[in-house]
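> starting from these lines, generate the structure:
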Amino acid sequence: MTFAFRAVPVLVAALAATAVNAAPTFVNGLALTATLLDLSGGTAVNTGRVGFFSDIYYDPNRSEWWALSDRGPGGGALDYATRAQRFTIDVNAATGAISNFQIQQTVLFTDAAGQALNGKAPSRPACSAARSIRKASSSIRRPAT
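Numbering: from 1, shown residues only. Below you'll find the model as predicted:
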C-alpha cells in the first residue's frame, strides 16, 4: 500500500515533464471559402460574409471557440458591421488535425442606439499612406554610390 502512494507522484511528475517539454508542431490548417456566410442573415459581401478573423479565443470552460471579424473582406476598405463568430471545430485527439469548421452563432456589435459598429477604415485620401512612406524614406541617408 505504501509503495502505491510513492509510485503515483513519480508517474504524475513524469507525465507533467513530458507535457511541458513537448514542442508544438503545425499539423494542418483550414481554408474558409471566400463566399462563406455567417448566421447574421445577410447574403452579400458586406452584410453576411464571415470575413477574416482578427482574433481567435478558446474558452476551455465552455469548449467554445470565438473569432472577431472587425473589418471584414477588404481589410477596412468596405462597409462591414463588426461581428464575433462562435464556432465549433473538430480536433483529432490522436493527430491534432482540425476539420469541420461550423459557425454556431453570429453576434453583430451595435451601439446603445442599436446602430451597427462599422469596421470601415476612417476616411483619408487614398494615397496618404503612400505619401507617408515616401516622406519617411526620403529622410533616410543613403550611402553614395
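> then stretch 116-125 to PDB, C-alphas only?
The C-alpha coordinates for stretch 116-125 follow below in PDB (Å, rounded to 0.1, in the frame of the first residue of the first chain):
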ATOM      1  CA  ALA A 116     -24.100  48.600 -36.200                       C
ATOM      2  CA  LEU A 117     -20.500  49.400 -35.300                       C
ATOM      3  CA  ASN A 118     -18.600  49.700 -38.500                       C
ATOM      4  CA  GLY A 119     -15.100  48.300 -39.300                       C
ATOM      5  CA  LYS A 120     -14.600  50.500 -42.300                       C
ATOM      6  CA  ALA A 121     -11.300  52.400 -42.100                       C
ATOM      7  CA  PRO A 122     -11.600  56.100 -41.400                       C
ATOM      8  CA  SER A 123     -11.800  58.400 -44.400                       C
ATOM      9  CA  ARG A 124      -8.400  59.600 -45.600                       C
ATOM     10  CA  PRO A 125      -7.000  60.500 -49.000                       C
END
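> pull out the buried positions in stretch 100-117.
101, 103, 106, 116 (16 or more other CB atoms under 10 Å). (Glycine included, C-beta is placed from N, CA and C.)
> separation between residue 71 and residue 45?
13 Å (CB to CB, to the nearest Å).
> cool, residue 81 as well?
Distance from residue 81 to residue 45, by CB to CB: 12 Å.
> neighbour count for the two, which is higher?
residue 81 (23 against 17; other CB atoms under 10 Å).
> now that one, nearest residue through space, not along the chain?
Distance criterion CB to CB, 6 or more residues apart in numbering; nearest residue to residue 81, sequence neighbours excluded, is residue 116 at 3.9 Å.
> dump the residue contacts of that neighbour.
The contact partners of residue 116, by CB atoms under 8 Å, 6 or more residues apart in numbering, come to 81, 82, 108, 109, 110.
> may I have the phi/psi pair for it?
Here is the backbone geometry of residue 116 (degrees, to the nearest 10): phi -60, psi 140.
> bridge partners for it, pull those for me.
residue 110 (DSSP bridges).
> now do residue 105
residue 86.
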